[in-house]
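In: Provided below are the primary sequence and the corresponding predicted coordinates.
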Amino acid sequence: MSNTLIQLFILTVVIHLIDTLAYSVRLNSVKSGQMALSFSLFNLFVLISRTANTFQAPLIGSIIGLSIAQGIDPLLDMRKIIFASTVGTVSGIILIPTFLRIFEAAVRRLEITGSIPSLVIEALNINNLKLMVKRAARPSKTMLQRLRYREIPKRLLLTHALVTGIYTIGVLAANYSAILVAEEYRLAAAASSGMINGIATILLTLFIDPKAAIITDQALRGKRPYEDVKALVVLLIVTKIVGTLLGQALFLPAANLIASFYH
């Protein structure tokens, strides 16, 4: 792989790893009852993910531009990047038990320090880094037992898989469609990525976030058992993996659909 592709692969892994860990924050917020504090701290990780996102589009554009100049088809490279989203999601799943242990301790510490920058400085202390390593834990089967999967709406999960698939390939499909259109339309086609991700965000906001928030809020108020939130998180992560795999199937049809608007 070229250096650009390697950088893009790593960035994509990081983005989807953090997105996956975001689901587990619900578990900590319900268990500790400190939802506002938990999400405030997690905004730091989201900032890292969003920063990585800003570098993603230019790198993709660089690969597409070079491919056009050399007259080659970068389809395999695009599929490798989509695969990176699956790798990032699976990596996030593996890290969730460790992340939750560290995150729980960090939330308690944040309540004392009252400052995220101070917390970051403390975390970078060599002794604290060693402590984080000692807190490492592996996923276990007990995490998946006795969960009330039937209480989670199936339509929510299907929609989540579809939206994840669209979100995974939005920027990639728009940039790849630039190869499929006449030269004068290439910039317009590549710029369509914002529209596609915007549609995915709207679907997420309208159909997924509200229902997930209701389940989480009901658990916080004691109207649902904690196991329902665990089931929700597990199923959302599973459908996220399905969504990244679905992205492989959606990629070419999406690129062709975008290109069809500029013929």
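Out: Sure, I can see it.
In: burial count for residue 27?
Out: Using other Cβ atoms under 10 Å, residue 27 has 23 neighbouring residues. C-betas here are computed from N, CA, C, even on glycine.
In: repeat that for residue 9.
Out: 20.
In: tell me which element it falls in.
Out: Residue 9 belongs to helix 3-32 when elements are defined using DSSP states H and E.
In: what residues of that helix count as buried?
Out: For helix 3-32, the neighbour count (16 or more other Cβ atoms under 10 Å) marks 5, 8-9, 11-31 as buried.
In: same thing with stretch 232-246?
Out: Buried residues in stretch 232-246 (16+ other Cβ under 10 Å): 232-237, 239-246.
In: got JSON lines for those residues, with pLDDT, secondary structure and distance to residue 42 too?
Out: Putting the buried residues of stretch 232-246 into JSON lines (pLDDT from 0 to 100; DSSP: H, G, I helix; E, B strand; the rest coil; distance: Cβ to Cβ, whole Å) gives the following:
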{"residue": "232", "pLDDT": "86", "secondary structure": "helix", "distance to residue 42": "17"}
{"residue": "233", "pLDDT": "85", "secondary structure": "helix", "distance to residue 42": "14"}
{"residue": "234", "pLDDT": "86", "secondary structure": "helix", "distance to residue 42": "19"}
{"residue": "235", "pLDDT": "89", "secondary structure": "helix", "distance to residue 42": "20"}
{"residue": "236", "pLDDT": "90", "secondary structure": "helix", "distance to residue 42": "15"}
{"residue": "237", "pLDDT": "91", "secondary structure": "helix", "distance to residue 42": "16"}
{"residue": "239", "pLDDT": "94", "secondary structure": "helix", "distance to residue 42": "21"}
{"residue": "240", "pLDDT": "94", "secondary structure": "helix", "distance to residue 42": "17"}
{"residue": "241", "pLDDT": "95", "secondary structure": "helix", "distance to residue 42": "21"}
{"residue": "242", "pLDDT": "96", "secondary structure": "helix", "distance to residue 42": "24"}
{"residue": "243", "pLDDT": "95", "secondary structure": "helix", "distance to residue 42": "21"}
{"residue": "244", "pLDDT": "95", "secondary structure": "helix", "distance to residue 42": "21"}
{"residue": "245", "pLDDT": "96", "secondary structure": "helix", "distance to residue 42": "26"}
{"residue": "246", "pLDDT": "96", "secondary structure": "helix", "distance to residue 42": "26"}
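In: and those, which is closest to residue 209?
Out: residue 236 (10.9 Å; Cβ to Cβ).
In: pLDDT below threshold where in the stretch 51-200 of the chain?
Out: 110-148 (pLDDT under 70).
In: swap the cut-off to 80 and go again
Out: The model of the stretch 51-200 of the chain has pLDDT under 80 over residues 51-54, 100, 102-151, 193-198, 200.
In: find the nearest non-adjacent residue to residue 90, please.
Out: Closest residue to residue 90 apart from its sequence neighbours, by Cβ to Cβ, 6 or more residues apart in numbering: residue 241 at 6.8 Å.
In: go on, residue 211?
Out: The shortest distance from residue 211 to any residue other than its chain neighbours is 5.2 Å, reached at residue 156 (Cβ to Cβ, 6+ apart).
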